[in-house]
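1. Need coordinates for the following:
(one chain, ligands or ions: 1)
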Amino acid sequence: MKEWKVKPLDVMIATPPKSGTTWMGEIVRQMRAYHPEAVGKDVSFIIPYVEMNIPTPDMPTALECQDKMLSPRIIKTHLPYEYTKEKVEQEGLKVIAVLREPKDTLTSYYHHYCNNFFNFPGDFHDFFELVRQDRLHGGNIFKMARDWWQARDLPNVLVVKYEEMKKDTAEVVRRVAEFLEIPLDSKTVESIVDNCNIDKMRKTALEVIPDDQQLNKVAAKQFFRKGVVGDWKNHFAKDEEDFVDECVREYFDPVGLHFNV
Ligand code: PPS
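-> Sure thing, here's the model as predicted:
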């Protein structure tokens, strides 16, 4: 992050893993697609992770790839707040942070561990041991969510909850548009909501992956999994539920972060 340079009109989507990053990315991407005149006509529509890249011979690092992206860039990250703090607080980087109820986040995370790239060999309870030991590869989701929540009053930070997106996607689309200063009429809002429906996103993802990339097709199907609120109830044992409730008391209650589900 020290080397990563903020560019005008950048928007960063920052989330603990499995909280709705891809969904929000598509909403922002669609918004810009509908309004190229509001954002410049040469828009980059690929949304890379600041901390991750697929190297090519001419662009071997994430920094190089992102530096060559056209503005306005949409960039994602699962890095903790402190990594981006300077860019946000001193350089005005615009951030949309998406937060999700932690039991559902962890349920989705477990399925992510089991996908055909990670192939986690255990069941949910084996996975949960990693949660207890604070050994998830993306870091501590409670700390990450708390820190972004605490930045919510900054004018260049918008915090959105996954559950709000589920409850009223159109309202969130309007809020994001206002934050990004992109004018949208109600018909466009409706189209964006429709295009960003999980079934449509799954279908589109499968269509754009070439037939000779079967592993990627399987991964896409696994990725757009259920997209619901409350699936944790099908996975958690009582002691696991208690563990998360304790983390909520430690990290979220003192700062007033609640998901009300
Ligand atoms: S990642 O790998 O960290 O980038 O994953 P992320 O995109 O943050 O979160 C993946 C979960 O979001 C669900 N998802 C959606 N839900 C509702 N609507 C739409 N359009 C949508 N797109 C993705 C996805 O299914 C994952 O949640 P689970 O609970 O596993 O289904």
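2. helix, strand or coil for the closest residue in space to residue 91 that isn't next to it in sequence?
-> Spatial nearest neighbour of residue 91, excluding adjacent residues (CB to CB, 6 or more residues apart in numbering): residue 6 at 4.7 Å. Backbone N, C-alpha and C define where each C-beta goes, glycine included. What DSSP: H, G, I helix; E, B strand; the rest coil gives for residue 6 is coil.
3. Ok, residue 170 next?
-> helix.
4. And for it, the neighbour number?
-> For residue 170, the neighbour count with other CB atoms under 10 Å is 13.
5. Roughly how far does it sit from residue 193?
-> The gap separating residue 170 from residue 193 is 5 Å, by CB to CB, to the nearest Å.
6. The stretch 151-261 of the chain against the ligand: which residues are in contact?
-> By CB under 6 Å from any ligand atom, the residues of the stretch 151-261 of the chain that approach the ligand are 196, 197, 198, 201, 224, 225, 226, 227, 231.
7. Going through those residues, which ones are buried?
-> Burial by neighbour count, judged by 16 or more other CB atoms under 10 Å, picks out 196, 201, 224, 225, 227, 231 from these.
8. Which of the residues you listed lies at the shortest distance from residue 65?
-> Within those, the smallest distance to residue 65 is 23.3 Å, found for residue 201 (CB to CB).
9. I'd guess the closest one is in a strand, am I close?
-> No - applying three-state DSSP, one finds residue 201 to be helix, outside a strand.
10. my read: it touches residue 221, true?
-> No - using CB atoms under 8 Å as the test, residue 201 is too far from residue 221 to be in contact (11.6 Å).
11. you'd agree residue 248 is in a helix?
-> Yes - counting by three-state DSSP, residue 248 is found in a helix.
12. Chain neighbours aside, what residue packs nearest to it?
-> residue 102 (6.7 Å).
13. Might you report the residue contacts of the residue in the stretch 151-261 of the chain positioned nearest to the ligand?
-> Of all residues in the stretch 151-261 of the chain, the one sitting closest to the ligand is residue 227 (2.9 Å; CB to the nearest ligand atom). Remark: with contacts taken as CB atoms under 8 Å, 6 or more residues apart in numbering, residue 227 is in contact with 23, 166, 198.
14. Equivalent analysis for residue 88, please.
-> Going by CB under 8 Å, 6+ apart, residue 88 touches 81, 95, 151, 154, 156, 157.
15. where exactly do the helices run in the stretch 101-250 of the chain?
-> Secondary structure of the stretch 101-250 of the chain, counting by DSSP state H, counting those that start in this stretch: helices at 102-113, 124-132, 141-150, 162-167, 169-180, 186-195, 198-208, 214-223, 238-247.
16. what does the shortest one rub up against?
-> Contacts made with helix 162-167 from outside it, assessed by CB under 8 Å, 6+ apart, are listed as 19-20, 23-24, 98-101, 104, 171-172, 227-229, 259-261.
17. Report the rounded mean pLDDT for stretch 31-47.
-> Here stretch 31-47 scores 63 as its mean pLDDT.
18. wait, the residue nearest to residue 91 sits on residue 87?
-> Yes - proximity of residue 6 to residue 87 meets the contact threshold set by CB under 8 Å, at 5.2 Å.
19. These two - which one has more neighbours?
-> Taking neighbours as other CB under 10 Å, residue 6 and residue 87 compare with residue 87 leading, 21 against 18.
20. residues contacting the more buried one?
-> Counting by CB under 8 Å, 6+ apart, residue 87 touches 1, 4, 6, 93.
21. Kindly recompute the last result at 7 Å.
-> By CB atoms under 7 Å, 6 or more residues apart in numbering, residue 87 lies in contact with 1, 6, 93.
22. For the first one, give its distance to residue 100.
-> Residue 1 sits 23 Å away from residue 100, taking CB to CB as the criterion.
23. Tell me which of those two has more neighbours.
-> For residue 1 versus residue 100, neighbours defined as other CB under 10 Å are more numerous around residue 100 (27 against 14).
24. pull the helix or strand with minimum mean pLDDT from the protein.
-> Taking mean pLDDT, DSSP states H and E as the measure, the chain has helix 36-39 as its least confident helix or strand, at a mean of 56.
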